[in-house]
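Q: give the three-dimensional model of this entry:
(chains A and B)
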There are 2 protein chains.
Amino acid sequence: MKVYEHPDLTSISLPVVMQALSDPCRLSILRELLDQGRPMACNQVPLEISKATRSHHFEVLRNAGLIRTEVEGTKCMTSLRKEEVEGRFPGLLELVSSSEADSES
Amino acid sequence: MKVYEHPDLTSISLPVVMQALSDPCRLSILRELLDQGRPMACNQVPLEISKATRSHHFEVLRNAGLIRTEVEGTKCMTSLRKEEVEGRFPGLLELVSSSEADSES
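A: Below is the predicted model:
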């Protein structure tokens, strides 16, 4: 069973987070998790991209400390590390949610 | 005389801004302009990098709509587009200034 690794957020610097959020798909994933407010299976996030690309984007977000992925039975469920992210980077999630998705194209 | 171009901030999307701020040097430049609260000559911003690299970083920030560079006599003075950036991306500058510079290394 695959176990995903999650960095301690204190080891994550702002440039790393900025880099992770410099992609419209990754911003969409974060917004969806914010909007839904619950863990989601990776393929539940509506994105018209290949499975490999999707996995890559989730990996970048995970390595930047923004999301947590856990195996539950046959599913991988991903959740936002909301409280931790808000503690380490105050205002970041508000910035992400307030900027409109359709301005990203 | 060189004239610098500055994009309309409404044409700038969040991923572009995030990309511009995914570099520790560029974050330092923005923080210095925020702290000083006045236009600065490019070489006044304390950075131990070559002139070419410095120019590149200023160009990326300018193209992302974050700073304005204007020729004044023999100097190029750069200022933060503070009000515009705050209007378009509320919370961004607070996020930049609140995250500590020494956590970026």
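
Q: what's downstream of the helix or strand where residue A:52 lies, the next helix or strand?
A: Using DSSP states H and E, residue A:52 sits in helix A:51-63. The C-terminal neighbour of helix A:51-63 among helices and strands, as given by DSSP H and E, is strand A:67-72.

Q: what about the strands in chain A?
A: In chain A, strands defined by DSSP state E lie at A:40-41, A:67-72, A:75-80, listed in chain order.

Q: near chain B, which residues of chain A show up?
A: Contact residues, chain A versus chain B (CB under 8 Å from any CB of the partner chain): A:13-16, A:18-19, A:21-24, A:27, A:89-92, A:94-96, A:98-99, A:103-105. To be clear about C-beta, it is placed using only N, CA and C from the backbone, and glycine gets the same treatment.

Q: at 10 Å what do you get?
A: Counting by CB under 10 Å from any CB of the partner chain, the residues of chain A lying close to chain B are A:10-27, A:88-96, A:98-105.

Q: so which bits of stretch A:61-72 are buried?
A: Of the residues in stretch A:61-72, those scored as buried under the neighbour-count criterion (16 or more other CB atoms under 10 Å in any protein chain shown) are A:61-62, A:64-69.

Q: I'd like those residues as CSV, with pLDDT and distance to residue A:43 appended.
A: Output for the buried residues of stretch A:61-72, formatted as CSV (pLDDT from 0 to 100; distance: CB to CB, whole Å):
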residue, pLDDT, distance to residue A:43
A:61, 97, 15
A:62, 97, 16
A:64, 97, 21
A:65, 97, 23
A:66, 98, 19
A:67, 97, 15
A:68, 96, 17
A:69, 94, 13
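
Q: turn these into TSV, columns for distance to residue B:79.
A: As requested, these are exported to TSV (distance: CB to CB, whole Å):
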residue	distance to residue B:79
A:61	34
A:62	38
A:64	30
A:65	33
A:66	32
A:67	36
A:68	40
A:69	42
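
Q: now the buried members of the residues of chain A next to chain B.
A: For the residues of chain A next to chain B, a neighbour count by 16+ other CB under 10 Å gives the buried set as A:12-27, A:88-89, A:91-96, A:99, A:104.

Q: in helices, which of the residues you listed fall?
A: With helices defined by DSSP state H, the entries of those inside them are A:14-20, A:24-27, A:88, A:92-96.

Q: so where's chain A uncertain?
A: Along chain A, the parts satisfying pLDDT under 70 run over A:1, A:100-105.

Q: please redo it, this time with the cut-off set to 90
A: For chain A, applying pLDDT under 90 flags the ranges A:1-4, A:41-55, A:71-76, A:98-105.

Q: residue A:70 pairs with what?
A: Counting by DSSP bridges, residue A:70 is bridged to residue A:77.

Q: wait, it sits on residue A:41?
A: No. Between residue A:70 and residue A:41 there is no contact, the gap being 11.0 Å when judged by CB atoms under 10 Å.
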